[in-house]
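Enquirer: okay, predicted coordinates and the sequence, questions at the end:
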Amino acid sequence: MIPLLDVERSLVPVVLLLTSLVPAAVIFGLREEQVRPRTALNLTGAVLKIAILTSLVAPVLAGRRFEWRHELLPGIDLVLRVEPLSLLFMGLSAVLWLLTTVYAIGYLEGSPHRARFFGFFSLCVTATVGVALAGNLVTFLVFYELLTLATYPLVAHRGTPAAIAGARTYLMYTLGGAVALLLGVALLHATAGASEFTAGGATQVADLAARSPATARLAFALLVVGLGVKAALVPLHAWLPRAMVAPAPVSALLHAVAVVKAGAYGLVRVVHDVFGISVSDRLGVLLPLGIAACVTIVYGSALALQQEDLKKRLAYSTVSQVSFITLGVSLVGVTAMTGGLVHLVNQGLMKITLFFCAGLLAETLGIHRISELRGVARRMPLTMTAFSVAALGMIGLPPVAGFVSKWYLGVGAIDAGRPEVLAVLATSSALNAAYFLPILYAAWFLEPDPDAGWEEQHRRQRNRIEAPLPLLVPALATATLALLAGLLAGSSFSPLDLAGRIAEERYAVETTGAGP
């Protein structure tokens, strides 16, 4: 269990925001041809954020909390706080931001509107970090909606009719979710007063649940709907596949770091830090949430199996996989919550690898459809090795990180007295295998399509690297991290170790009734 010490007033949370906000502001003022200053700003901000977060790991796990607070309105504070859960999410965001920046620099080389792209890209990371640092629902709401506004131009970046249509669908869904989230936050504030994120849940919300369970359930439902849009819970998921018209770096950002993870992260906060697991259980809201997660897991996988377009198959896979986080939240127990939290990281590493590889295939060989992948591993062995590692992890095969998530969720389901969840996990793995293994078989073992010209390209490229290094290195790096997250899961300071500490802290508070 993490020892809980006094919260320290500090500018550290503000500095973490500024490491991406300042680059965003400066980049918007740069000219399109000023490539080197733009690149330096992005990379410096990303490296600095990682360095600061690394320096915070030891003190935060020792029990220190760093907080910045500002009165936004009478009775409503803007609160930014560094604690273990925010550290887990920010660590994922910072590492993947750096790698996605490198990838995007190579991917967008020579394309128009790069200054605009990287400005909104950095603003998107700022909003994601703000979501992670939020110390109450109002602060969360502010950055959650800033994230919507920052990602819309990225989805619409290419400016084609398909890109504009996909961005409009994304905006329609997310703004609808914003209305539900705003109503939920307003209802809680009006009936329970200002409540901050507190391990074990806010006392005011517990009092509301005791005197007016119906009001508490309505507030919970509104919050879940608002967050469920970005978390892609069925039937709120339709925007995600349509947003795949965005460039590959944006797809990677949407699926692995920012938007869907912000929704899932918000659900963790609502269940454990606003209502508390005990109050949520007494209100009877965890079972419907778990059912929604299970339906989404199976439905998303079934739809992925039907897709011929590679990015759409990966998109529906995300719909399924992100709901493992929600499933872990809905099950009562340390083990299940650990599995859900560690999947926040594991899914991000594996899914960003898959989208990086999809972008490599599209940019290098013009491959967009699964039927075009025959024999592609002969031409791009490193790319397909990275893809294979991530795909096997998504199925849940050891030693890749996805196995760790599913193992803890399965054990947690048994501990929670929910053995039927094992059938959902098994069905999901079977469907994952059904839509990933044929891709791997075709890429590695089938002869190239003669019309694709693989043999000739292979001969011409034999003495060359298979793809530009700024595109290839990030894919190999994230695949390696996904593998290491599984192989080193039992080590100190691993994602699993931090997720376990967070879960133990929250359940210890629930048991003792002592707040932080």
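Expert: Sure, I can see it. Numbers count the residues shown, from 1 in each chain.

Enquirer: all helices of the stretch 251-400 of the chain, in order?
Expert: 259-269, 277-283, 286-305, 310-330, 334-365, 376-379, 381-395 (DSSP state H, counting those that start in this stretch).

Enquirer: for these, which one sits closest to Ala156?
Expert: With distances scored as CB to CB, the stretch of those nearest to Ala156 is helix 259-269 (14.3 Å). Yep, even glycine has a C-beta here, placed from its N, CA and C like the rest.

Enquirer: relative to helix 310-330, how tilted is that closest one?
Expert: 10 degrees (axes from the mean of the first three to the mean of the last three CA atoms, to 10 degrees).

Enquirer: what's the separation between the residue lying closest to Ser405 once chain neighbours are set aside and Phe120?
Expert: Of all residues not flanking Ser405 in the chain, His343 sits nearest, at 3.9 Å (CB to CB, 6 or more residues apart in numbering). Taking CB to CB, to the nearest Å as the measure, His343 falls 28 Å from Phe120.

Enquirer: so those two - more neighbours on which side?
Expert: Between His343 and Phe120, counted using other CB atoms under 10 Å, His343 has the larger neighbour count: 29 against 22.

Enquirer: surely the more buried one is in contact with Thr326?
Expert: No: counting by CB atoms under 8 Å, Thr326 is not a contact partner of His343; they are 9.8 Å apart.

Enquirer: hmm, Asp207 is touching Ala192, no?
Expert: Yes: using CB under 8 Å, Asp207 is in contact with Ala192, at 6.9 Å.

Enquirer: settle it for me: which of the two has more neighbours?
Expert: The neighbour comparison of Asp207 against Ala192 (other CB under 10 Å) goes to Ala192, with 22 against 15.

Enquirer: so for Pro84, what's the pLDDT?
Expert: In this model, Pro84 is scored at 95, pLDDT.

Enquirer: for Ala156, same thing?
Expert: Reading off the model, Ala156 has pLDDT 87.

Enquirer: Ser323: how many residues sit nearby?
Expert: So Ser323, with other CB under 10 Å, has 34 neighbours.

Enquirer: how about low-confidence regions in the stretch 351-500 of the chain?
Expert: 451-464 (pLDDT under 70).

Enquirer: which residue ranges of the stretch 1-150 of the chain form helices?
Expert: Taking DSSP H, counting those that start in this stretch, the helices of the stretch 1-150 of the chain run over residues 12-28, 35-61, 84-107, 114-133, 137-155.

Enquirer: in stretch 103-119, what counts as buried?
Expert: Under the neighbour-count criterion of 16 or more other CB atoms under 10 Å, stretch 103-119 has Tyr103, Ala104, Ile105, Gly106, Tyr107, Leu108, Arg114, Ala115, Phe117, Phe118, Gly119 buried.

Enquirer: let me fix that: stretch 52-61
Expert: Ile52, Leu53, Leu56, Val60, Leu61.

Enquirer: can you add distance to Lys351 and pLDDT and give the residues you listed back as TSV?
Expert: Output for the buried residues of stretch 52-61, formatted as TSV (distance: CB to CB, whole Å; pLDDT from 0 to 100):
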residue	distance to Lys351	pLDDT
Ile52	25	96
Leu53	21	95
Leu56	26	95
Val60	26	93
Leu61	27	90
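
Enquirer: from those residues, which is closest to Leu409?
Expert: Leu61 (23.9 Å).

Enquirer: so the closest one sits against Arg501, correct?
Expert: Yes: using CB under 8 Å, Leu61 is in contact with Arg501, at 6.8 Å.

Enquirer: test my guess that Arg38 contacts Ile27.
Expert: Yes: using CB under 8 Å, Arg38 makes contact with Ile27 at a distance of 5.4 Å.

Enquirer: shared neighbours, these two?
Expert: Residues touching both Arg38 and Ile27 (CB atoms under 8 Å, 6 or more residues apart in numbering): Ala115, Phe118.

Enquirer: looking at the buried residues of stretch 103-119, which gets the smallest pLDDT?
Expert: Within those, lowest confidence goes to Arg114 (80).

Enquirer: contacting residues around it?
Expert: Arg114 sits in contact with Glu32, Val35, Arg38, Leu108, where contact means CB under 8 Å, 6+ apart.

Enquirer: before we move on, back to that, and among the helices of the stretch 1-150 of the chain, the most buried is which?
Expert: Mean neighbour count (mean count of other CB atoms under 10 Å) peaks for helix 114-133 among these, with a mean of 25.

Enquirer: and the closest residue to Val332 other than its chain neighbours, what is it in contact with?
Expert: Among residues not flanking Val332 along the chain, Ala416 sits closest, at 5.2 Å (CB to CB, 6+ apart). Ala416 makes contact with Leu331, Val332, Gly333, Ala336 under the criterion CB under 8 Å, 6+ apart.

Enquirer: quick one, the strand or helix carrying Arg501 and helix 35-61 angle?
Expert: Using DSSP states H and E, Arg501 sits in helix 495-512. Helix 495-512 and helix 35-61 meet at an angle of 40 degrees, taking the same axes, to 10 degrees as the criterion.
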